[in-house]
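*Asks:* okay, predicted coordinates and the sequence, questions at the end:
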Amino acid sequence: MVEFGEQLRRAREAKGMTQQSLAEQLYVTRQAVSRWECGDRYPDLLTTKKIAQILDVSLDDLLSGKEMTKVVERNPVIENKIVNNIMIVLYAFVVLSFLLTVVDIVIRFPFGSDAVDYSDIQITVIQILGLVIQIVAFSYGLFNAVRGTLSPKRMGAVLVAFFAAICITGSENLGRFEMWQMMISGILFIIVPGILGAVASYYFFVRGDNRKIWIRLIDIVSVWGIFRIIFSNFQMIRFSSQYLSMNTTVRIVLTIGIYALILYQTRALSRKRENAIKTSNDQE
């Protein structure tokens, strides 16, 4: 990717433009142009096409087909500032909410009580482990989202950890089921979707495999996750006559938001990859 930065600098200087004048025509900062030329950051494909038009050079002169693919895989998955800010806020609330949940579980756990048995401790440890994994994963995602470095691979790491945590918390719920039919249902409806989501996220985001099967799996698992959360809590309110606590309500809303964001991220990355391939084919 150093080649792109060097080509950009040469084309800009040949046109007699400064970094500032190019930045003004692209509606970006001079520092952004400087980072592109140094190879620290890369413009998206739409911006690259505008650069080629402004500098009167062909897209081939700036990017080769391989470099276009590298741009997609190195740039943040979400480059829209508004959506990125929404993601930052969502990740921040997820980290805070789950952290408060862990603290609440620890405070409420009846340490030293004679009524506490091994199964209670086991369930609590598994629950906390699932939450801690999500806190670490979304903290990592939040850090990179703020820096603008949440690339597909880093995004994939966050999502794989998220779905893995679902599997862990699902195994915690299995310990509460006394009937084997309910245990099988828990495996099919909670753990299996979590495994499928983790595998699909790994291949699609981390490995860069843009095949439809991984996209479809992520879509199905995400939509199923939203449905399962809404349905299970509706059933609890309906049959147990219990109202959801504020913390539980917040967690439900945040988790639904995460699934909705996963759907958007998958679509955004898929479109960027398809555009890169199409542009690369047009060059040949």
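*Replies:* Structure's in. What do you need?
*Asks:* roughly how far does residue 36 sit from residue 83?
*Replies:* Look at residue 36 and residue 83: by Cβ to Cβ, to the nearest Å, they are 22 Å apart. Any C-beta I mention is one placed from the backbone N, CA and C, and that applies to glycine too.
*Asks:* and the pLDDT at the residue lying closest to residue 61 once chain neighbours are set aside?
*Replies:* Counting by Cβ to Cβ, 6 or more residues apart in numbering, residue 61 lies nearest to residue 7, which is 6.2 Å off, once chain neighbours are set aside. Turning to residue 7, the model gives it a pLDDT of 85.
*Asks:* my guess is residue 7 meets residue 58, correct?
*Replies:* No - using Cβ atoms under 8 Å, residue 7 is not in contact with residue 58, being 10.9 Å away.
*Asks:* the two: who's more crowded?
*Replies:* When residue 7 and residue 58 are compared on other Cβ atoms under 10 Å, the one with more neighbours turns out to be residue 7, at 19 against 10.
*Asks:* just checking, what packs against the helix or strand containing the residue nearest to residue 61?
*Replies:* Assigned by DSSP states H and E, residue 7 belongs to helix 2-14. Of the remaining helices and strands, those touching helix 2-14 by 3 or more Cβ pairs under 8 Å, 6 or more residues apart in numbering; DSSP states H and E are helix 30-38, helix 59-62, helix 65-74.
*Asks:* next helix or strand past that helix?
*Replies:* Sequence order places helix 19-26 as the next helix or strand after helix 2-14, per DSSP H and E.
*Asks:* between the helix holding residue 7 and helix 30-38, how big is the angle?
*Replies:* Between the axes of helix 2-14 and helix 30-38, defined by axes from the mean of the first three to the mean of the last three Cα atoms, to 10 degrees, the angle is 120 degrees.
*Asks:* now find how far off-centre helix 2-14 is within its chain.
*Replies:* 32 Å (Cα atoms, centre = their mean, to the nearest Å).
*Asks:* just to revisit the earlier point, show me which of residue 36 and residue 83 is the more surrounded one.
*Replies:* Summary of the neighbour comparison: residue 36 and residue 83, criterion other Cβ under 10 Å, with residue 36 having more neighbours (26 against 15).
*Asks:* the more buried one touches residue 6, doesn't it?
*Replies:* No - counting by Cβ under 8 Å, residue 6 is not a contact partner of residue 36; they are 10.7 Å apart.
*Asks:* from the chain's centroid, how far away is the longest helix along the chain?
*Replies:* Counting residues, the longest helix in the chain under DSSP state H turns out to be helix 246-283. Distance, stretch centre to chain centre, for helix 246-283: 7 Å (Cα atoms, centre = their mean).
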